[in-house]
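Chemist: A predicted structure for the sequence below; I have some questions about it.
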Amino acid sequence: MAMKQMQTQIMHSPTLDTVLMVEHTLQDAKQVIKIAELKRRLPRKVMHQTLMRILDYLQASGKILITTKGVVWTYTPKDMMDKLKKGGLEL
C-alpha cells in the first residue's frame, strides 16, 4: 500500500534589503539593461525566482518597465517631478 505524500510548496518572499538592493542597482544603471546584466551588477547573488518576484513587484508599483529589450527604472519622486515641471516648457 503506497502512501501518497503531499508536497507543500512554500512561497519565498524577498527581504526588504534585497528589494532595495535591486532598486538601487536599477536606478544606477540609467539605461535599459537585460536581466542577465542586472544579475551581474547586483552586489550579491539573488536566486532567479526571487529576482523575478522583485521585478514583478517593482513593475506593479510603477517603478520599472519590463520590455523585450530589458528592464528600465522609470520612477520619479514627486519633488523631482515638480522641479522638472518648473524648468520645463509650458505648452
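Modeler: Sure, I can see it.
Chemist: per-residue pLDDT, the residue nearest the centre of the chain?
Modeler: Among the residues of the chain, Leu55 comes closest to the average C-alpha position under C-alpha atoms, centre = their mean, at 3.4 Å. Leu55 is assigned a pLDDT of 97 by the prediction.
Chemist: looks to me like it is in a helix.
Modeler: Yes - secondary structure assignment places Leu55 in a helix (DSSP: H, G, I helix; E, B strand; the rest coil).
Chemist: so it touches Ser61, yeah?
Modeler: No - at 10.8 Å, Leu55 does not count as touching Ser61 under the criterion of C-beta atoms under 8 Å. C-betas here are computed from N, CA, C, even on glycine.
Chemist: if we can go back for a sec, can you pull the contacts of the residue nearest to the centre of the chain?
Modeler: Residues near Leu55 by C-beta atoms under 8 Å, 6 or more residues apart in numbering: Val22, Ile35, Ile64, Ile66, Val71.
Chemist: could you do Thr76 as well?
Modeler: The neighbours of Thr76, taking C-beta under 8 Å, 6+ apart as the test, are Leu84.
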